[in-house]
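In: could you work out the structure for the sequence below:
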Amino acid sequence: MKRRYTRSQRQQLKKFRTLGVLIFAAVMAIGAFIGLLFFVRPKKSTVEKRMLAKFPSFTITSFLDGSYFEDVSLWYSDTYPMRDKLVSADQSLKKLYGIQLGTQVVGGNAKGDEIPDVDKSAVTATPDDAGKATTESTTEVTTEDPEIGLPASLTSKNKQDATTESGSVQTVDPPDSKAMDKAFQKQLQDNLYVKDGSAYSLYYFVQDSATEYIDAINNAAAQLSGQTNVYDILVPNNSGVLLSDDELDKLGGSDQKQAIEYYYGMMNGVKTVDIFDTLKAHKDEYIFFRTDHHWTADGAYYAYEDFCKTKGITAIPRDKRKTDTFKGFLGSFYSTLQNSDMKNNPDTIYAYEPIGTNDMTYWNEDGSEQKWNVIMDVNGWDKGTMYSTFVGGDTPMAVIENPNVTDGSSCVVMKESYGNAFIPFLVDHYSKIYIIDYRYSQVNILDFVKSKKVNDFICINNISLIGDKDVAATISSLLH
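Out: The predicted model follows:
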């Protein structure tokens, strides 16, 4: 039977409906007004730990194929005012959905390729023709600042120690930072096992990416043969080191030890540093963070010891170095999960300063120069950014000069953020260290290494990140 309303009830319902429409319209109007505040749009997300999308440059090609408007739409949504507060509010709201278990799997729907046996007959050892870059995006420019190898239009006026003989370097189109951020999210954040206030990244082997990475490192070794030693250090995820075999079998994913052995078995002329067993032997120590995907400086130290053994030098003990302590670190896992157990038990960063010098210089993406410290005091910084205590965080190019090492030795380190905690231990073994983060560099790294005539070229990468096709392609373009 249909319910009947009195006149007064109908009038009351009409008022409520009108009020609802007015409130909705007001919220929409306020949202639209805020969205038009172009001058207060953020450039970086502290919550998500990434640079936000930039307003696209207009070109006829992008206008005609529609990509210009897609990029404008992405910029508009990605840089909405008060974005971090809205993201945090959304994450807090999700906590109210129900009881959160102490153990859970986030994502985990991926499937890795089968890891093949090592086939040395398939190893590529012949360098590209005359060391020329093979990608169409590569162009040759003359630099006024050969010390760091960045195009003159992007560098500061600091032109000391110009050592490149020809004064020319190869530059490539800068990597797509959005693709790099997406790769990081996909490889390290989307497949997590959460247990007792800690998160563990699962690993999935990707054959095509592995082949591209191996070929790039082999090409670098072949071209640098007789001039520079090429070292490769693959860092496993925390899951492969810290979790039991039973847990890993239940969770699925690929065998990290087997994958690393495949990578190294397919390399030729490369000094490989297999750190998996070493880290496994120290799994009861604090070698990985609980709230972040990175390893700690102690984990990096054990890798440094293995590197020294491979290189034939003596590692400097940690107790010979000044130790800095930074409490309250809440890293990338916490930012993704907003896990209350993590918040109540944050990480502590222990950083070990070099003996010879703690000074360094880095260059931003716009070429501006910044004097910095190898280990920076990050007390008082945002809890999510404290990993940047190591070598200034993620910058395209950095240089460390140690006046106490006078033998003229030098190296180039090609890295992503896993390399940051490792590099401070190298400082007391080289007169000069060049640091290149391939995710943000415009320099053809192979040409740069050749021009500097360094003793060692050290590649240090997380095994999951190089498994992404965009990352592997970027490394390949910079090493050909």
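In: what's the longest helix in this structure?
Out: For the chain, the helix with the greatest residue count under DSSP state H is helix 7-35.
In: how far does that one sit from the chain's center?
Out: Put simply, helix 7-35 sits 46 Å off its chain's centre (C-alpha atoms, centre = their mean, to the nearest Å).
In: who does that helix touch, helix- and strand-wise?
Out: The contact analysis (3 or more C-beta pairs under 8 Å, 6 or more residues apart in numbering; DSSP states H and E) places helix 7-35 against no helix or strand. In this view, the C-beta of every residue, glycine as well, is placed from N, C-alpha and C.
In: and that helix, average pLDDT?
Out: Average pLDDT, helix 7-35: 76.
In: and stretch 403-419, what's buried?
Out: For stretch 403-419, burial by neighbour count (16 or more other C-beta atoms under 10 Å) applies to 405, 410-419.
In: the residue nearest to Gly253 when sequence neighbours are not counted and Leu279, how far apart?
Out: Spatial nearest neighbour of Gly253, excluding adjacent residues (C-beta to C-beta, 6 or more residues apart in numbering): Leu202 at 4.2 Å. Distance, Leu202 to Leu279, using C-beta to C-beta, to the nearest Å: 17 Å.
In: can you count the residues close to the residue nearest to Ile433 when sequence neighbours are not counted?
Out: Spatial nearest neighbour of Ile433, excluding adjacent residues (C-beta to C-beta, 6+ apart): Ile400 at 4.4 Å. Other residues within reach of Ile400 by the criterion other C-beta atoms under 10 Å amount to 26.
In: list the buried residues for stretch 428-442?
Out: Across stretch 428-442, burial judged by 16+ other C-beta under 10 Å covers 428-442.
In: my bad, stretch 466-475
Out: Using 16+ other C-beta under 10 Å as the test for burial, stretch 466-475 gives 466-468, 470-475.
In: thinking again about what came up before, looking at the buried residues of stretch 428-442, which is nearest Phe329?
Out: Distance to Phe329, by C-beta to C-beta, is smallest for Asp437 among the buried residues of stretch 428-442, at 20.8 Å.
In: that closest one contacts Lys415, correct?
Out: Yes: between Asp437 and Lys415 there is a contact under C-beta atoms under 8 Å: 6.2 Å.
In: so what sits against both of the two?
Out: When contacts are counted by C-beta atoms under 8 Å, 6 or more residues apart in numbering, Asp437 and Lys415 have no shared neighbour.
In: export the buried residues of stretch 403-419 to CSV and tack on distance to Asn462?
Out: Listed next are the buried residues of stretch 403-419 as CSV, based on distance: C-beta to C-beta, whole Å:
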residue, distance to Asn462
Val405, 28
Ser410, 25
Cys411, 20
Val412, 19
Val413, 14
Met414, 13
Lys415, 10
Glu416, 7
Ser417, 8
Tyr418, 5
Gly419, 9
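In: Phe422: what's it in contact with?
Out: By C-beta under 8 Å, 6+ apart, the contact set of Phe422 is 233, 300, 303-304, 415, 460.
In: mind checking which of those residues land in helices?
Out: Taking DSSP H as the definition of helices, these contribute 300, 303-304.
In: related to what we said a few turns ago, for the residue nearest to Ile433, what are phi and psi?
Out: phi -120, psi 120 (degrees, to the nearest 10).
In: can you confirm Glu285 is in a helix?
Out: No: secondary structure of Glu285 (DSSP: H, G, I helix; E, B strand; the rest coil): coil, not part of a helix.
In: right, and the helix or strand after the one helix or strand Ile436 maps to?
Out: Using DSSP states H and E, Ile436 sits within strand 432-437. Going down the chain from strand 432-437, the next helix or strand is helix 445-452, by DSSP H and E.
In: could I have that next one exported to PDB, CA atoms only?
Out: Extracted C-alpha coordinates of helix 445-452, given in PDB (Å, rounded to 0.1, in the frame of the first residue of the first chain):
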ATOM      1  CA  ILE A 445      76.200   7.400 -18.800                       C
ATOM      2  CA  LEU A 446      78.400   5.200 -20.900                       C
ATOM      3  CA  ASP A 447      79.900   8.300 -22.700                       C
ATOM      4  CA  PHE A 448      80.300  10.000 -19.400                       C
ATOM      5  CA  VAL A 449      82.200   7.100 -17.900                       C
ATOM      6  CA  LYS A 450      84.500   7.000 -21.000                       C
ATOM      7  CA  SER A 451      85.200  10.800 -20.800                       C
ATOM      8  CA  LYS A 452      86.100  10.700 -17.100                       C
END
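In: now do it and strand 432-437, the angle between them.
Out: Angle of helix 445-452 versus strand 432-437, following axes from the mean of the first three to the mean of the last three C-alpha atoms, to 10 degrees, is 170 degrees.
In: average model confidence for helix 445-452?
Out: pLDDT averaged over helix 445-452 gives 96.
In: now do it: which elements does it pack against?
Out: Judged by 3+ C-beta pairs under 8 Å, 6+ apart, the packing partners of helix 445-452 are strand 168-171, helix 207-223, strand 410-415, strand 432-437.
In: and Ile275, which of those is closest to it?
Out: Across the helices and strands packed on helix 445-452, the minimum distance to Ile275, taken as C-beta to C-beta, is reached by strand 410-415, at 14.5 Å.
In: strand partners of that closest one, parallel vs antiparallel please.
Out: Strand partners for strand 410-415, identified by DSSP bridges, are recorded as strand 432-437 (parallel), strand 456-462 (parallel).
In: contacts for the shortest one next, please.
Out: Strand 432-437 is contacted by residues 148, 362, 391, 394-402, 409-417, 419, 423, 426-427, 443, 445, 448, 452, 454 when judged by C-beta under 8 Å, 6+ apart.
In: on that earlier part again, in TSV: the buried residues of stretch 466-475, plus pLDDT.
Out: Shown next, in TSV, are those (pLDDT from 0 to 100):
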residue	pLDDT
Ile466	94
Gly467	93
Asp468	90
Asp470	89
Val471	92
Ala472	94
Ala473	93
Thr474	93
Ile475	95
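In: can I get those in a markdown table with secondary structure?
Out: Below are the buried residues of stretch 466-475 laid out as a markdown table (three-state DSSP):
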| residue | secondary structure |
| --- | --- |
| Ile466 | helix |
| Gly467 | helix |
| Asp468 | coil |
| Asp470 | helix |
| Val471 | helix |
| Ala472 | helix |
| Ala473 | helix |
| Thr474 | helix |
| Ile475 | helix |
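In: where exactly do the strands run in the stretch 251-400 of the chain?
Out: In the stretch 251-400 of the chain, the segments counted as strands under DSSP state E, counting those that start in this stretch are 271-273, 323-329, 347-352, 359-363, 369-373, 397-401.
In: what's the local residue count around the residue nearest to Gly253?
Out: Neighbours of Leu202 under the rule other C-beta under 10 Å: 27.
In: same question for the one 5 residues further on.
Out: Taking other C-beta under 10 Å as the neighbour definition, Gln207 ends up with a count of 14.
In: is Thr325 bridged to anything, and to what?
Out: Taking DSSP bridges as the rule, Thr325 bridges to Tyr350.
In: just give me the least confident of the buried residues of stretch 428-442.
Out: Ranked by pLDDT, these bottom out at Gln442 (82).
In: distance check, it against Asn364.
Out: Noted for Gln442: a distance of 12 Å to Asn364, by C-beta to C-beta.
In: now do Arg7
Out: 70 Å.
In: and if you look at Glu401?
Out: In this view, Glu401 and Asn364 are 19 Å apart by C-beta to C-beta.
In: state the mean pLDDT of stretch 348-362.
Out: Throughout stretch 348-362, pLDDT has a mean value of 98.
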